[in-house]
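In: What follows is a protein structure lacking sequence information:
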Ligand code: GLN
């Protein structure tokens with residue numbers, strides 16, 4: 001069988017199984033099974049596929065046909081231009097969450113300008129994708145500006161397994177950055193097991209969070225990739241999806257310096273109640289940012305007076 005035939009057949013199997021981007025996934029999995037990069041595979045398409053590659057490919061396609069997410073099979077996902085290891089213990093980083101990371105980076109860059117240290121806390125850190133990308137982007141920016149700032153990143157999560165993944169993701173990306181030229185970065189990270197602020201100490205300039213926010217009853221209505229494979233611990237926001245916002249809004253002011261900011265991801269339908277909660281908790285200058293689909297996705301507020 002030729003590579004091209006194997007790929008076509010696999011795409012058919014995935015389509016039959018209800019996989020949304022069957023053709024794309026069939027190609028990614030063929031890259032994985034063959035070990036080729038895209039351009040090499042393109043040149044080999046009309047050659048015979050070796051038996052062992054075909055067998056490996058079948059195994060991967062069978063997994064995907066059970067609706068196991070592509071990223072768990074490949075073992076990684078790109079986020080903000082960094083590569084993150086993902087396992088079933090962590091939520092797969094979403095592109096929507098880049099809205100959270102981008103705004104946190106923008107804020108941090110401005111706020112860090114006249115400081116010599118800067119502390120970032122990322123709650124419900126999961127794979128560590130927000131903590132890592134915000135910390136490293138801020139570090140890159142301060143090197144580019146010729147500024148020496150001590151950046152301290154804390155990632156917190158209730159799941160010990162998630163914290164293990166987050167630690168790996170930080171070191172892989174930190175090592176890559178520092179060995180590819182950026183020698184002068186002054187950024188440290190620690191990842192701690194903590195139920196929200198439970199084991200968190202100190203104050204921060206920025207707090208980010210992408211907490212679980214799906215309405216509990218609605219989890220069953222999502223795609224099988226999410227419902228059957230992603231950790232419900234990372235999705236379940238309680239009966240109205242708002243459990244974590246309540247707790248975070250109440251506690252966050254005590255962990256922010258004056259002028260410190262809280263940025264959280266949410267679902268469009270939660271925008272008003274979350275913004276309201278933030279106001280009640282003493283946050284000012286509430287801003288809401290939209291994702292690429294035009295949906296309200298991130299809320300930000302500032303604490304003017306330290307609590
Ligand atoms: N955005 C995710 C989803 O729709 C949910 C993420 C979360 O609960 N934090 O699957």
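Out: Okay, I see it. If you're wondering where the values come from, they're calculated on a predicted model, not measured in any experiment. Numbers count the residues shown, from 1 in each chain.
In: alpha carbons only for contacts and neighbour counts from here, please
Out: Will do.
In: in which helix or strand would I find residue 198?
Out: Secondary structure assignment for residue 198, by DSSP states H and E: no helix or strand.
In: okay, now it: neighbour count?
Out: Taking other Cα atoms under 10 Å as the neighbour definition, residue 198 ends up with a count of 11.
In: measure residue 120 to residue 288 for me?
Out: In this structure, residue 120 and residue 288 are 20 Å apart, going by Cα to Cα, to the nearest Å.
In: These two - which one has more neighbours?
Out: Set side by side, residue 120 and residue 288 show unequal neighbour counts under other Cα under 10 Å, the larger going to residue 120 at 25 against 17.
In: Check for me that that one belongs to a helix.
Out: No: under DSSP: H, G, I helix; E, B strand; the rest coil, residue 120 falls outside any helix and is assigned strand.
In: Okay, and the beta partners of it?
Out: Residue 120 has the following beta-bridge partners by DSSP bridges: residue 153, residue 206.
In: I figured it hits residue 150, correct?
Out: No: in terms of Cα atoms under 8 Å, residue 120 does not count as a neighbour of residue 150; the distance is 11.1 Å.
In: Please name every helix or strand in contact with the host helix or strand of residue 208.
Out: The secondary structure element spanning residue 208 is strand 204-209 (assigned by DSSP H and E). Contact here means 3 or more Cα pairs under 8 Å, 6 or more residues apart in numbering; DSSP states H and E; on that basis strand 204-209 packs against helix 98-111, strand 117-123, strand 256-265.
In: Poorly predicted segments of the chain, please.
Out: Under the criterion pLDDT under 70, the flagged ranges of the chain are 181.
In: The same query, at a cut-off of 80, please.
Out: For the chain, residues meeting the criterion pLDDT under 80 lie at 180-185, 306-307.
In: near the ligand, which residues of it?
Out: Neighbours of the ligand within the chain, by Cα under 6 Å from any ligand atom: 210, 211, 212, 213, 214, 234, 235.
In: Out of those, which is nearest to residue 92?
Out: Of all these, residue 92 sits closest to residue 234, with 10.0 Å by Cα to Cα.
In: got the contact list for the strand or helix carrying residue 53?
Out: Counting by DSSP H and E, the element that carries residue 53 is helix 51-65. Helix 51-65 is contacted from outside by 6, 10, 13-14, 17, 19, 26, 29-30, 33-34, 70, 73, using Cα atoms under 8 Å, 6 or more residues apart in numbering.
In: Now do the buried residues in it.
Out: 53, 54, 56, 57, 58, 60, 61, 62, 63, 64, 65 (16 or more other Cα atoms under 10 Å).
In: Also stretch 142-157?
Out: Counting neighbours by 16+ other Cα under 10 Å, the buried set in stretch 142-157 is 142, 143, 147, 149, 150, 151, 152, 153, 154, 155, 156, 157.
In: re earlier: tabulate the buried residues of helix 51-65 in TSV, adding columns for distance to residue 199.
Out: Converted to TSV, the buried residues of helix 51-65 look like this (distance: Cα to Cα, whole Å):
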residue	distance to residue 199
53	48
54	49
56	44
57	44
58	45
60	40
61	42
62	42
63	38
64	38
65	41
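In: Now the residue in the stretch 51-200 of the chain positioned nearest to the ligand: closest residue in space that isn't a chain neighbour?
Out: The nearest approach of the stretch 51-200 of the chain to the ligand comes at residue 94, 6.7 Å away (Cα to the nearest ligand atom). Distance criterion Cα to Cα, 6 or more residues apart in numbering; nearest residue to residue 94, sequence neighbours excluded, is residue 79 at 7.6 Å.
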